[in-house]
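K.L.:
below: sequence and its predicted model.
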Amino acid sequence: MDTLLTPIQAAKILAVSTNTLACWRSTKRYPLPWVRVGNRVRYRQTDLDRFITARSQNVQPAAA
């Protein structure tokens, strides 16, 4: 079973504020899935991992 994280936990992993996550949810600025459990918002750990991986940059060192 996938771990559900609170917005505080997700924000800490992504190094953003909970307000930023709320903005992303309301504007759909980034495709970060979230889950509503009752009146609470949760994020799946696997979705956060995919989100981070999709934005990872492979920077090549400059040729000497």
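P.N.:
Yep, it's here.
K.L.:
any idea where the helices of this protein begin and end?
P.N.:
Here the chain has its helices, by DSSP state H, at 7-14, 18-27, 45-54.
K.L.:
of these, which is nearest residue 33?
P.N.:
Closest to residue 33 of the helices of the chain, according to Cβ to Cβ: helix 45-54, at 4.6 Å. To be clear about C-beta, it is placed using only N, CA and C from the backbone, and glycine gets the same treatment.
K.L.:
related to what we said a few turns ago, export the helices of the chain to CSV and tack on mean neighbour count, distance to residue 35 and mean pLDDT?
P.N.:
CSV is the format used below for the helices of the chain (neighbours: other Cβ atoms under 10 Å; distance: least, Cβ to Cβ, whole Å; pLDDT from 0 to 100):
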stretch, mean neighbour count, distance to residue 35, mean pLDDT
helix 7-14, 16, 11, 97
helix 18-27, 14, 11, 96
helix 45-54, 13, 9, 94
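K.L.:
return the backbone torsion pair for the nearest residue to residue 44 once chain neighbours are set aside.
P.N.:
Using Cβ to Cβ, 6 or more residues apart in numbering and skipping the chain neighbours, the partner closest in space to residue 44 is residue 2 (4.8 Å). Residue 2 adopts backbone torsions of phi -80, psi 140, taken as degrees, to the nearest 10.
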